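Asks: structure here, sequence nowhere to be found:
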């Protein structure tokens, strides 16, 4: 056969764009279905209105919940904590006056002197084990700032560095 096509030759027909879009839409719907299934349906609470008053359950007299009190930190024993007071201001005798004040409150002041360096504000410096004592000393003297001790401060005592008079 010499015509345009013989009977045993077959051509391939391409699907129309509508068929392609339909296949894509079905695939997307399947993906959306799989992705969103498994969620619990939301339920609404339905209450009925009745003429009889509600009776509230009374708590059992045998069970009374109680909170365990938090353990209180041990009180700071001022006389057992060493304190050094340093003056980092231009006020003569400031460290000595604050040291006398701290001694009068009960702290064991072991020295006072001048501090050479830059300190941003009046501060009570403390080693880790004396942090509660530092907070108490700061409270006693009216100092707002506490910070961990740094070198060259000693780690067996509190160090007070004054940058101005205390109120």
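Replies: Arrived safely, thanks for sending. Nothing here was measured: the structure is a model prediction, and the numbers come from that model.

Asks: can you give me the helices in this structure?
Replies: 17-36, 94-105, 131-141 (DSSP state H).

Asks: need the least confident one among those helices, by mean pLDDT.
Replies: Within those, the stretch with the lowest mean pLDDT is helix 17-36, showing a mean of 82.

Asks: could you check how far the one residue sitting closest to the centre of the chain is from residue 85?
Replies: Nearest residue to the geometric centre of the chain (C-alpha atoms, centre = their mean): residue 147, 18.9 Å. Distance of residue 147 to residue 85, computed by C-beta to C-beta, to the nearest Å: 16 Å. The C-beta positions use only the backbone N, C-alpha and C, and glycine is treated the same way.

Asks: same question, residue 105
Replies: As for residue 105, its distance to residue 85 is 12 Å (criterion: C-beta to C-beta).

Asks: and these two? Which one has more around it.
Replies: For residue 105 against residue 85, the residue with the higher neighbour count under other C-beta atoms under 10 Å is residue 85, and the figures read 28 against 12.

Asks: show me what contacts that one?
Replies: The neighbours of residue 85, taking C-beta atoms under 8 Å, 6 or more residues apart in numbering as the test, are 95-96, 98-99, 102, 109, 111-112, 160, 162.

Asks: could you dump the residues you listed to a markdown table with neighbour count and distance to residue 22?
Replies: Putting the contacts of residue 85 into a markdown table (neighbours: other C-beta atoms under 10 Å; distance: C-beta to C-beta, whole Å) gives the following:
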| residue | neighbour count | distance to residue 22 |
| --- | --- | --- |
| 95 | 24 | 90 |
| 96 | 14 | 95 |
| 98 | 23 | 89 |
| 99 | 23 | 92 |
| 102 | 21 | 89 |
| 109 | 23 | 91 |
| 111 | 13 | 92 |
| 112 | 21 | 92 |
| 160 | 27 | 84 |
| 162 | 26 | 85 |
